[in-house]
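> Give me a 3D structure for the following:
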Amino acid sequence: MSDETTTRRMVLTTAVAAAGAAAGTVALAACGDGDAGSKAAGSQPPSTAPGTVVAALADVSVGQAKSVTVNGHPAIVTRRSDHDAVAFSAICTHEGCTLVPSGEDLNCPCHRSQFNALTGAVQRGPAKAPLSAIPVKVDNGKIVTT
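Below you'll find the predicted structure:
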C-alpha cells in the first residue's frame, strides 16, 4: 500500500506541476502580444520640467541623431538645422527595445523596425506607431525641453 500511495502522490505532484507550468506559459504568451504589451510604456515621453538640458547644440551635427538621456529615460535628439532640433523617446513602439541612431534613421536592433529621426515616423515595421515627441527648443547653444 505504501508503494501505491507514493506512486499516486508522484503522479499527482507531476500533473499539478505540469498544469502550473502550462498556465504560466499561457499567461506569459498573453502578455506579449507584439505591438500592445510594451508599446504603452515606450510610447510615453519622459516627463520633464521646462528648461531641462537635453544636449549641447554643438554636440549634434545638422542632419544627425544622437542618443541622450532625459530624466533617466533613453531619448534621441536630432538637429534639423543650425538653430532647430527635435527629440523623441528612444523606445521602439513595437517591443520596447532601445533605438540606435544612424544618420537620419533610428534603428531597432531587436526586430529591425526603423524610424525617421527628424519626424519620429515609422519607415519600416513591424512597429506601427510613431515615436513620442519630447518638446524641445534651442536656447543659448543648448537643446532644452519646453
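> Flag the helix or strand of the protein with the lowest per-element mean pLDDT.
Lowest by mean pLDDT, DSSP states H and E among the helices and strands of the chain is helix 39-43, with a mean of 43.
> Now the element after that one, going C-ward?
Per DSSP states H and E, the first helix or strand lying C-terminal to helix 39-43 is strand 53-56.
> Show me what that following strand is packed against.
strand 65-70, strand 73-81, strand 142-145 (3 or more CB pairs under 8 Å, 6 or more residues apart in numbering; DSSP states H and E). In short, each C-beta sits where N, CA and C put it, glycine included.
> strand partners of that strand, parallel vs antiparallel please.
With DSSP bridges as the test, strand 53-56 is paired with strand 142-145 (antiparallel).
> ok, and what's touching the strand it pairs with?
Counting by CB atoms under 8 Å, 6 or more residues apart in numbering, the neighbours of strand 142-145 from elsewhere in the structure are 48-57, 60, 70, 77, 79, 85, 87, 134-138.
> and if we set it to 6 Å?
Contact with strand 142-145 is made by Thr48, Pro50, Gly51, Thr52, Val53, Val54, Ala55, Ala56, Leu57, Val77, Ala85, Val136, as judged by CB atoms under 6 Å, 6 or more residues apart in numbering.
> Equivalent analysis for stretch 88-104, please.
Everything outside stretch 88-104 that qualifies as a contact, by CB under 6 Å, 6+ apart, is 38-39, 42-43, 45, 65, 67, 74-76, 106-111, 113, 117-118, 120, 126-127, 129, 131-133.
> Check stretch 114-127 too.
Outside of stretch 114-127, the residues within contact range by CB under 6 Å, 6+ apart are 65, 78, 80, 88, 92-94, 104-107, 111, 113, 130-131.
> can you pull the alpha-carbon coordinates of it into CSV?
This file holds the C-alpha atoms of stretch 114-127, laid out as CSV (Å, rounded to 0.1, in the frame of the first residue of the first chain):
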residue,chain,number,x,y,z
GLN,A,114,13.1,51.8,-38.5
PHE,A,115,12.0,55.3,-37.7
ASN,A,116,12.7,58.7,-39.2
ALA,A,117,14.9,60.7,-36.8
LEU,A,118,13.5,64.0,-38.0
THR,A,119,9.8,63.1,-37.6
GLY,A,120,9.6,60.0,-35.4
ALA,A,121,7.5,58.3,-38.1
VAL,A,122,7.8,54.6,-38.8
GLN,A,123,9.7,53.9,-42.0
ARG,A,124,9.8,50.1,-41.7
GLY,A,125,7.8,47.8,-39.4
PRO,A,126,7.0,45.7,-37.5
ALA,A,127,6.4,48.8,-35.4
